[in-house]
Structure formats: C-alpha cells, structure tokens
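>>> build me a model:
(one chain, ligands or ions: 2)
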Amino acid sequence: MKIVIVGTNHAGIACANTLLKQYNEHEVVLLDRNTNLSYLGCGTALVVGRQVQGFDGLFYERKETLEEKGARISLETTVTHVDFEQKIVYAKDINGNELEESYDKLVLATGSKPIAPNLPGNDLDGIHYLKLYQEGKAVDVDLDRDDVQNVAVIGAGYIGVEIAEAAKRRGKNVRLFDAADTSLSNYYDKNFATKMDSVLQENGIETHFEELATGYEGDENGRVRKVTTTKGEYEADLVVNAIGFIPNNDLGKDHLELFGNGAYLVDLHQQTSDPDVYAIGDCATLYSNASQQTEYIALASNAVRSGLVAGHNLGGTAIKSRGVQGSNGISIFGYNMVSTGLSVKAAERRGLEVEYTDYSDLQRPAFMEENDEVQIRIVYEKESRRIIGAQMASMHDMSMGIHMFSLAIDRQETIDELALLDLFFLPHFNQPYNYITLAALTADK
Ligand SMILES: Cc1cc2nc3c(=O)[nH]c(=O)nc-3n(C[C@H](O)[C@H](O)[C@H](O)COP(=O)(O)OP(=O)(O)OC[C@H]3O[C@@H](n4cnc5c(N)ncnc54)[C@H](O)[C@@H]3O)c2cc1C
Ligand SMILES: NC(=O)c1ccc[n+]([C@@H]2O[C@H](COP(=O)([O-])OP(=O)(O)OC[C@H]3O[C@@H](n4cnc5c(N)ncnc54)[C@H](O)[C@@H]3O)[C@@H](O)[C@H]2O)c1
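Numbers count the residues shown, from 1 in each chain. Ligands and ions are numbered 1, 2, ... in the order given. Reported below is the predicted structural model:
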C-alpha cells in the first residue's frame with residue numbers, strides 16, 4: 001500500500017516512524033513545504049532567552065534518517081491540492097517543478113497556523129509570529145538590534161508569556177497584552193493565573209489585561225515603533241503576535257467533514273469522513289476524556305500520539321485513541337504551573353456543573369530546607385464526582401504529579417476514590433499528609 005503523508009513535523013513524523021519501524025511492507029512518502037522537520041517550538045523561547053544555547057538541539061529527526069528507514073521524503077515541496085476522487089496529491093517544489101503522487105491512503109498532518117489579526121500596519125518590519133523555526137530565529141536576530149528596546153507581546157497565552165520572559169531576559173522593556181483579565185486564561189482559573197501575573201510583574205514585565213491591539217505605527221523606514229490599543233498607545237520596536245492557532249485545513253476543507261473551528265473531524269482511529277484520508281495533530285480534532293466530547297487542543301503531545309494511532313491503523317493494527325486530557329505546563333522565572341483537563345471556567349463554558357477543592361501546603365515537611373508552597377485545585381463533576389481537571393503551581397518542580405491526574409481523568413476516577421489512593425511518603429519529596437490527599441479529603445461531600 002502507498003501512504004502519502006503531508007506535513008513532516010511532530011504528527012507526520014510520529015506516523016511515519018510507526019509505519020517504517022513496524023509495518024515496513026508499505027511505501028511511505030512524506031512531503032513538506034518547509035526546509036526543516038521536527039522543530040520543537042517549545043524551545044524557541046529558551047533559545048531566545050539564552051537559557052539554552054543555539055537552535056540546533058531543537059530538531060530531533062533528520063531527513064536522511066527517515067530515508068535510511070525506507071521513506072521517500074521531499075522538503076520545500078508544497079502540496080497545492082488533492083484530487084480526493086482520483087486519489088492524487090499535487091505539489092510544487094522549490095524550483096517550481098510540479099509533482100504528482102498517487103496514494104492508497106493519505107495522511108493530512110498539516111498542523112496549524114497562528115491567528116493573524118488584520119490590523120492597520122501589520123505589514124511593518126518587526127512584527128512577528130512565532131510558529132516556525134525561521135520565525136523564532138528572526139525574533140532572536142531582531143532582539144540583537146540596538147534600536148529594539150521596547151517589545152510588545154500580543155496574547156498572554158503560552159507562547160506570549162514564554163516569549164515575554166525571553167525578551168525580558170534579553171534586557172528589553174516588555175509589555176504583554178491580552179484580551180482576557182489574566183494571563184494563561186485558557187488553562188487556569190483566576191486564582192492561579194493571577195499568581196503568574198504577579199511573577200511576570202515582579203520580574204519587570206508590564207502586563208495589560210482586557211486590552212486589545214488596534215493597530216501598529218512605523219517609522220520612515222517601515223519599522224514598527226508603536227502599538228495602539230483599546231486603552232492607549234505604547235512604544236514598540238518589536239511585536240510578537242501570539243493570540244492562538246487555527247487548524248490548517250487548506251487542502252481538505254471542501255471535501256472533508258469539519259469541526260466548528262475548521263479542524264478535520266476524525267474518529268478514534270484518526271480517520272476522517274473520507275475513509276482513505278487520515279488527519280493527525282493540530283489540523284485534526286481529538287476526543288477529550290474530561291469534557292467527554294470532541295475538542296480542539298493544539299499540543300505537540302497530542303500530535304505525537306495521534307500520529308502513533310494513525311500509523312498503527314494504517315499499518316494494519318486497528319487501535320483506538322484513548323482520548324486526551326490536554327495536559328500542559330509552563331515554567332516562567334522559575335515559577336511552575338501545570339494543568340490537565342478542565343478548569344472551573346472551562347467546565348462552566350461547556351455547561352458542566354462542577355465543584356472544586358483548593359489546598360495549599362509546603363511540598364515537604366517543614367523541617368526540610370529548600371521547601372516551597374504548592375497550590376492545588378482539583379475540579380470534579382458535581383453529580384458524578386468524576387475528576388475532570390487539576391491545576392498545580394509552585395516554585396518547586398511538582399510537575400510529574402499532574403500525570404496522575406491525567407490518568408485519573410482518563411480512568412474516570414472520582415474525587416472520593418482519590419482521597420484513599422496510596423501515595424508514598426518520603427521527606428525528601430513530600431509530606432505524609434500531602435496536598436493531593438488533603439485536597440481530596442477536604443472536598444465537600
Ligand atoms: C513557540 C511554540 C511553543 C510550543 N510549545 C509547546 C509545548 O511546550 N508543548 C506542547 O505540547 N506543544 C507546544 N507547542 C505546540 C506544538 O508545537 C504544536 O501542537 C505541534 O507543532 C503540532 O504538530 P503538527 O505536526 O500537528 O503540526 P505543525 O507543527 O504545525 O506541522 C505541520 C507541518 O505541515 C507542513 N505543511 C502544512 N501545509 C502544507 C502543504 N500544503 N504542503 C506541504 N507541507 C505542508 C508544515 O510545513 C509543517 O511542517 C508550541 C508551539 C509553538 C509555536
Ligand atoms: N507550554 C506549552 O505547552 C505550550 C507553549 C507554547 C504553545 N503551546 C500551544 O500552542 C498553541 C498556540 O499558543 P498561543 O499562546 O498562541 O495560544 P493560547 O491559546 O495559549 O493563548 C492565546 C491568548 O491570546 C489571547 N487573545 C486572543 N485574542 C486576542 C486578541 N485579539 N488580543 C489580545 N489577546 C488575545 C487569549 O486570551 C489567550 O490568552 C496553544 O494550543 C498552546 O497550548 C503550548
């Protein structure tokens with residue numbers, strides 16, 4: 001069978017490697033318009049902020065390695081359209097040559113695009129997005145300019161907060177704008193998000209919430225120098241737009257069934273409404289075990305898993321995705337936040353009736369040095385008491401704890417079951433009555 005995969009980032013690579021390793025009887029063809037593959041965007045801010053040296057380490061797969069495993073792979077090759085009836089992919093390479101690839105099965109792994117607000121002045125130099133390696137590199141280079149002192153970041157989600165920290169670490173004046181009333185509002189309830197807001201402010205980042213950019217103004221050389229907003233105007237020599245992703249559905253939007261935001265609607269095998277077409281990663285939907293419905297959650301972790309599932313199904317082993325919790329995390333100036341499932345706010349937006357339990361305590365017994373407070377919130381359905389979300393925050397690295405909540409949601413555990421769960425105790429790590437147990441024990445009955 002001939003399998004053509006469009007998109008060779010995290011989802012496409014995971015699918016290809018599964019096929020090449022475990023089902024090598026198939027012909028695997030990979031096409032991507034970019035010059036590179038496997039770029040870990042999560043490292044962009046670390047390089048820009050000089051916490052990590054150089055971009056080279058952010059690539060984990062090479063074209064040659066995939067070729068050695070038997071794949072045929074063309075980079076700098078843009079798929080222009082697909083004839084879904086004849087099962088042919090049409091593409092154009094960097095030299096303008098037109099190519100055709102027939103397929104038995106097609107995998108769309110075309111990812112997502114940053115949302116581009118159509119504001120006056122948005123074509124000025126110095127206005128950036130932060131999706132690709134090339135874009136991360138451009139921000140990095142731009143920050144070296146002496147005439148870049150004021151940085152405006154539009155969107156205080158994960159990308160915005162991370163790049164704001166990085167620009168501050170490079171000594172710039174940083175202003176961070178968001179339409180919501182806190183940072184990270186898509187992931188955390190207000191009592192958590194405001195902690196991150198304080199961390200940002202204490203480290204010199206000027207936060208502007210409930211404030212939307214309305215335009216950009218430039219100098220005589222066409223370089224951005226100012227951002228105007230619903231509340232004022234500010235000097236800005238560099239702008240990063242980070243107000244979220246939309247699925248890249250360009251190739252299949254007129255043929256395949258779509259989710260509300262345009263993502264390809266897939267089943268638990270990653271199959272679209274066309275049985276010969278699979279969709280994986282940021283261009284596709286997924287099933288949330290927290291909301292128990294189809295959702296769109298753009299994360300590398302989801303992209304990789306959906307690629308694995310598609311690979312096995314295409315290879316001949318029918319497996320189902322077990323759904324996701326959308327677990328995520330962030331670490332800013334040493335302050336760590338992790339969450340999984342739904343916050344109270346996100347649950348209520350979906351019409352779910354929920355309760356929550358909050359607890360704060362030291363990570364380790366008070367007699368231990370190097371101790372930090374940990375804040376936890378567990379969200380559960382009012383009626384069934386099923387756990388549907390958790391948030392944790394601390395200067396301490398407590399991030400691994402969130403995986404347990406991910407499993408709890410996956411397995412539909414209740415808050416009462418969690419209260420009696422065996423959790424080990426050692427002073428080096430935690431307390432005998434630790435905050436997870438106590439949060440569960442103190443949940444309203
Ligand atoms: C700055 C940044 C930081 C991030 N940090 C994290 C993190 O810490 N944790 C996390 O889980 N997620 C993180 N993410 C999100 C994560 O990067 C995405 O969820 C992930 O890249 C999705 O992978 P994908 O393979 O589905 O799509 P993409 O990475 O979007 O890749 C799609 C590929 O398809 C190719 N393509 C598209 N259209 C065509 C076409 N017509 N022809 C040929 N090729 C085409 C593109 O060139 C691209 O290579 C971050 C994202 C960014 C931008
Ligand atoms: N640490 C991580 O796991 C990590 C890091 C980076 C990116 N990602 C993922 O990549 C994707 C894209 O990240 P992102 O930061 O662009 O999206 P995001 O959803 O995390 O944040 C977007 C932010 O923009 C705000 N916003 C929306 N419209 C606005 C407007 N017009 N003006 C001002 N603010 C506006 C929203 O309130 C939100 O806070 C997300 O799915 C994210 O989870 C994850």
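>>> do a quick rundown of the strands in the stretch 101-250 of the chain.
Counting by DSSP state E, counting those that start in this stretch, the stretch 101-250 of the chain has strands at residues 105-108, 112-114, 127-128, 150-154, 173-178, 206-209, 213-218, 224-229, 233-235, 238-241, 245-247.
>>> in the stretch 101-250 of the chain, what residue is nearest ligand 2?
Distance from ligand 2 to each residue of the stretch 101-250 of the chain (C-beta to the nearest ligand atom) is smallest for G157, at 1.7 Å. C-betas here are computed from N, CA, C, even on glycine.
>>> number of residues surrounding that residue?
G157: 19 surrounding residues under other C-beta atoms under 10 Å.
>>> residues contacting the residue minimising distance to the centre of the chain?
What sits nearest the mean C-alpha location of the chain, by C-alpha atoms, centre = their mean, is L299, with 3.3 Å. For L299, the contact set (C-beta atoms under 8 Å, 6 or more residues apart in numbering) comprises 326, 328.
>>> quick one on the thing from earlier: quick one: the residue of the stretch 101-250 of the chain closest to ligand 2 and A180 touch, right?
No. Using C-beta atoms under 8 Å, G157 is not in contact with A180, being 9.0 Å away.
>>> how about the secondary structure of the residue lying farthest from the centre of the chain?
When each C-alpha in the chain is compared with the mean C-alpha position (C-alpha atoms, centre = their mean), F367 comes out farthest, at 38.4 Å. Applying DSSP: H, G, I helix; E, B strand; the rest coil to F367 yields a three-state assignment of coil.
>>> look up how far ligand 1 lies from it.
35 Å (C-beta to the nearest ligand atom, to the nearest Å).
>>> and if you look at E162?
7 Å.
>>> and for L407?
Counting by C-beta to the nearest ligand atom, the gap from L407 to ligand 1 is 18 Å.
>>> tell me how many other residues crowd E67.
Neighbours of E67 under the rule other C-beta under 10 Å: 12.
>>> ok so it is a helix residue?
Yes. The assignment for E67 is a helix, going by three-state DSSP.
>>> which residues does it contact?
So E67 contacts I73 (C-beta under 8 Å, 6+ apart).
>>> check V379 too.
Remark: with contacts taken as C-beta under 8 Å, 6+ apart, V379 is in contact with 341-344, 347, 354-356, 387-391.
>>> mind redoing it with 10 Å?
Remark: with contacts taken as C-beta atoms under 10 Å, 6 or more residues apart in numbering, V379 is in contact with 189, 290, 339-347, 352, 354-357, 387-391, 405, 409, 415.
>>> mind listing which of these are in strands?
Mapping these onto strands (DSSP state E) picks out 339-341, 354-357, 387-391.
>>> of these, list those near ligand 2.
When contact is defined as C-beta under 6 Å from any ligand atom, the ones in strands among the contacts of V379 do not meet ligand 2 at all.
>>> using TSV, lay out those together with pLDDT.
TSV is the format used below for the ones in strands among the contacts of V379 (pLDDT from 0 to 100):
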residue	pLDDT
S339	98
T340	98
G341	98
V354	98
E355	98
Y356	98
T357	98
I387	98
I388	98
G389	98
A390	98
Q391	98
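>>> alright, I will stop here.
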